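**Q** From the sequence below, what's the structure:
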Amino acid sequence: MPTAHTHLHDPQTLYRHWEEEQWNPWEIDLAIDGEHWQEKMSEEDRSLVHWALSSLMVAEERIATKFSGLVMAYDSEEEESFLATQQVDEVRHMQFYKRFQDEAIADPQTIAVHVERARGELSDDFRAIFDEALVGAHERLASNPRDVAAKVDFVTTYHMVIEGTLGLTAFNFIARYLREEEMLPGFVDGYERITSRRSSETQRWRIAFARRWAASCRQFPPRSPRPSGTAPTGTPSAPPARRSATSPSAGSPAASRSSAPPCSGGRSRRRLGQRSLRQLRAPEARSQQPGICLLSLPALTGGSPLSALPADPGAQVPGA
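**A** Numbers count the residues shown, from 1 in each chain. Below you'll find the predicted structure:
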């Protein structure tokens, strides 16, 4: 069956769309969310949502403060304008999560306090992505904005791995669970605006950018064709060096549980939603669950971020 292809906008069009699609984190009604948090939600519900919110808060803070190098690496004034909008968006997202904690959870603090406390909820694998891979890619690019390989490396790390894989996966789990349980409508509204259609269009544009420029970085040769029937080289699991002593080995009962489909007959929607969030939270899921775990970048890309890219720089990006 033929695959549909998506039109990829140029930076000027993306900037114009951004101007037309502004939203204000303070226009979202969080009154009902505060009632839900205090009266409707169980301690388990609050614990799960607080863990997810911790991940989002730390991720947005890292990205908002480690993005200026990409803005400095613009190829045209139109691209500079477009890249600057992304940094503004990341700050807006961080402000929305802060407001939710200040008002709905009724715990007003500075962003720094929220972030520091949230870090205590997160795993070493999360830190490997946001404190090592992202920060390292940004430092290399900021030190030399004209380094094309460093630019591709940053775009691959942020737009493809963090935003396009981890961010969208987390959104699908968290938003679906909250909708089905009819909880925190204001949070879901803001979260959906953060993960908007414009963001997905931007993501596909950045994939096209990475493909085009990866071909020009000769120090990263195209990956060899994969023999039919073999597993991808970029299987998203934590590398041996990052597994803890308690991480389950392949074939162990814990590993089987984390890789099993999250649906089975006879379970209520509530239990399914809670299980999905628990899988995101559980240590074994972080190291084993494909597409969900907060993994280290080399494990996903087979060593170099560029090795995850297709060899054909002119390949079309399939539509969602």
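**Q** What pLDDT is listed against Trp23?
**A** We have a pLDDT of 92 for Trp23.
**Q** which non-adjacent residue is nearest it?
**A** Counting by Cβ to Cβ, 6 or more residues apart in numbering, Arg193 is the residue found nearest to Trp23 once chain neighbours are left out, at 5.1 Å. C-beta here means a position set from N, CA and C on the backbone, and glycine is covered the same way.
**Q** any idea which element that neighbour lies in?
**A** Element membership for Arg193 (DSSP states H and E) is helix 185-194.
**Q** ok, residues contacting that helix?
**A** 23, 25, 28-33, 93, 96, 100, 104, 171, 174-175, 178-179 (Cβ atoms under 8 Å, 6 or more residues apart in numbering).
**Q** 7 Å - rerun?
**A** 23, 25, 28-30, 32-33, 93, 96, 100, 104, 171, 175, 178-179 (Cβ atoms under 7 Å, 6 or more residues apart in numbering).
**Q** Please save the CA atoms from that helix in PDB.
**A** The C-alpha coordinates for helix 185-194 follow below in PDB (Å, rounded to 0.1, in the frame of the first residue of the first chain):
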ATOM      1  CA  PRO A 185      -8.900  18.900  32.100                       C
ATOM      2  CA  GLY A 186      -6.900  22.100  32.300                       C
ATOM      3  CA  PHE A 187      -3.600  20.200  32.400                       C
ATOM      4  CA  VAL A 188      -4.700  18.100  29.400                       C
ATOM      5  CA  ASP A 189      -5.700  21.200  27.500                       C
ATOM      6  CA  GLY A 190      -2.300  22.800  28.100                       C
ATOM      7  CA  TYR A 191      -0.500  19.600  27.400                       C
ATOM      8  CA  GLU A 192      -2.300  19.200  24.100                       C
ATOM      9  CA  ARG A 193      -1.400  22.800  23.100                       C
ATOM     10  CA  ILE A 194       2.200  22.000  23.900                       C
END
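**Q** got the buried residues for that helix?
**A** Neighbour-count burial for helix 185-194 flags 185-191, 193-194 (criterion: 16 or more other Cβ atoms under 10 Å).
**Q** Now that we have the contacts of helix 185-194, which of them are buried?
**A** Buried subset of the contacts of helix 185-194 (neighbour count, 16+ other Cβ under 10 Å): 25, 28, 30, 33, 93, 96, 100, 104, 171, 175, 178.
**Q** what stretches of the stretch 201-320 of the chain score poorly on pLDDT?
**A** In the predicted model, the stretch 201-320 of the chain carries pLDDT under 70 at residues 201, 204-205, 207-208, 210-212, 214-320.
**Q** again, only using 50
**A** For the stretch 201-320 of the chain, applying pLDDT under 50 flags the ranges 218-320.
**Q** What are the buried residues along stretch 34-49?
**A** 34, 36-37, 41, 45, 48-49.
**Q** would JSON lines of the residues you listed with distance to Asn144 be doable?
**A** Output for the buried residues of stretch 34-49, formatted as JSON lines (distance: Cβ to Cβ, whole Å):
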{"residue": "Gly34", "distance to Asn144": "47"}
{"residue": "His36", "distance to Asn144": "49"}
{"residue": "Trp37", "distance to Asn144": "46"}
{"residue": "Met41", "distance to Asn144": "48"}
{"residue": "Asp45", "distance to Asn144": "47"}
{"residue": "Leu48", "distance to Asn144": "42"}
{"residue": "Val49", "distance to Asn144": "41"}
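**Q** Of those, which belong to helices?
**A** 34, 45, 48-49 (DSSP state H).
**Q** now, which of the residues you listed sits nearest Arg16?
**A** Set against Arg16, the nearest of these by Cβ to Cβ is Val49 (35.8 Å).
**Q** mind checking the SS state of the nearest residue to Asp45 once chain neighbours are set aside?
**A** Beyond its immediate neighbours in the sequence, the residue positioned closest to Asp45 (Cβ to Cβ, 6+ apart) is Met183, lying 7.0 Å away. Here Met183 takes the coil state, with states given by DSSP: H, G, I helix; E, B strand; the rest coil.
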